[in-house]
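In: Have a look; sequence and predicted model below, questions after that.
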Amino acid sequence: MNKEELLELIGRMCAPHEPDVCRSWETTSWKALREAEKLTDRALFPILEEIIHENPGESGLDIRKEAYFIYKKLLIQQFDEERFAFLLSRLDREVAKGEYMWWHYFLDEIEVNPDTSVMPLLAIAERGNKYDVKYVCNDIEAYTKRGNVESITALPALKVRVKAAKRTQRQATADILKEHGVESQADMERLSEEDGAELYEALKAGVLEVYDITSKRLERLIEQILK
């Protein structure tokens, strides 16, 4: 398959909704996806990379997503260290906070090596919200079972973050306040400037960033807890 043929396939994968087609498996996009899944030619890797680079920005997003779909499927069939590194580096750029769940499909099926670097995935989790952490953790757990060293090292901390994120916003806020000796409005007012700054950083990391809420929402939670 040459570049023109691959672009034609990706175009069909991106086909718009067809209201007159009753069954999903009869749509243009569904048929094209099944066709893409059958591709096995490793020579498609550099062509896909060209297509990804040539379609930047929001206007090229759909094309890039389908190109990544094919790219991941090829990596599942036969792992390639260099190609996997390219894929992760691109995902590190593409994934906005809270969006990893839409990008991670099939990554857990890729047979990584023990020394394969997964640092871009860990970076996504580090800056992401609780959903990003959850889905990165799922992928890292899969790689841990394959003996990947970086995944084995990172998994315990990710699991702690996933467990912590399961707490409600209110409970997480109350726990952090209590850890810093704040159980009433009077306690809050007695905090020194240094202790107040330390409390804010803890709330920022443990509530604002984990639950992706606004500062005003956090202020209301604190008021409700301390009243």
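Out: Thanks, I have it.
In: CA atoms for contacts and neighbours, from now on please.
Out: OK.
In: who's in contact with the spatially most central residue of the chain?
Out: Closest to where the C-alpha atoms of the chain average out (C-alpha atoms, centre = their mean) is residue 100, at 2.2 Å. By C-alpha atoms under 8 Å, 6 or more residues apart in numbering, the residues touching residue 100 are 124, 131, 132, 135, 136.
In: Ok, residue 24 next?
Out: By C-alpha under 8 Å, 6+ apart, residue 24 lies in contact with residue 30.
In: quick one: contacts of the helix or strand bottoming out on mean pLDDT in the chain?
Out: Comparing helices and strands within the chain by mean pLDDT, DSSP states H and E singles out helix 209-211 as the least confident, with a mean of 79. Applying C-alpha under 8 Å, 6+ apart, the contact partners of helix 209-211 are 128, 129, 130, 165, 169.
In: Enumerate the positions of the helix or strand encompassing residue 197 that are buried.
Out: Under DSSP states H and E, the secondary-structure element containing residue 197 is helix 193-203. Within helix 193-203, the residues that qualify as buried are 199, 202, 203, counting by 16 or more other C-alpha atoms under 10 Å.
In: Distance of residue 85 relative to residue 178?
Out: 43 Å (C-alpha to C-alpha, to the nearest Å).
In: Show me which of the two is the more surrounded one.
Out: More neighbours sit around residue 85 than around the other of residue 85 and residue 178, counting by other C-alpha atoms under 10 Å; the figures are 16 against 12.
In: burial count for residue 169?
Out: Residue 169: 20 neighbours (other C-alpha under 10 Å).
In: got a list of what it touches?
Out: Residues near residue 169 by C-alpha under 8 Å, 6+ apart: 207, 211.
In: and residue 54, how many neighbours?
Out: Here the neighbour count serves as a burial measure; for residue 54 (other C-alpha under 10 Å) it reads 12.
In: where does it land on pLDDT?
Out: At residue 54, the model reports a pLDDT of 97.
In: From the contact counts, what lies against the helix holding residue 197?
Out: Contact analysis of helix 193-203 by 3 or more C-alpha pairs under 8 Å, 6 or more residues apart in numbering; DSSP states H and E lists helix 169-179 as its packing neighbours.
In: which residues touch residue 158?
Out: With contact set as C-alpha under 8 Å, 6+ apart, residue 158 has these partners: 133, 137.
In: State the helix or strand in which it lies.
Out: helix 149-165.
In: Could you tell me the angle between that helix and helix 169-179?
Out: Counting by axes from the mean of the first three to the mean of the last three C-alpha atoms, to 10 degrees, helix 149-165 points 100 degrees away from the direction of helix 169-179.
In: Helix 149-165: which residues count as buried?
Out: Those buried within helix 149-165 under the rule 16+ other C-alpha under 10 Å are 149, 150, 151, 152, 154, 155, 158, 159, 161, 162, 165.
In: Sketch out the helices for this structure, chain order is fine.
Out: For the chain, the helices identified by DSSP state H occupy 3-13, 28-37, 44-53, 61-77, 81-94, 119-127, 130-144, 149-165, 169-179, 185-190, 193-203, 209-211, 215-226, in order along the chain.
In: which of those helices is buried the deepest?
Out: Comparing these by mean neighbour count (mean count of other C-alpha atoms under 10 Å), helix 130-144 comes out on top with a mean of 23.
In: Need the buried residues of helix 193-203 in JSON lines (columns: pLDDT and distance to residue 71).
Out: Converted to JSON lines, the buried residues of helix 193-203 look like this (pLDDT from 0 to 100; distance: C-alpha to C-alpha, whole Å):
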{"residue": "199", "pLDDT": "91", "distance to residue 71": "45"}
{"residue": "202", "pLDDT": "91", "distance to residue 71": "40"}
{"residue": "203", "pLDDT": "91", "distance to residue 71": "40"}
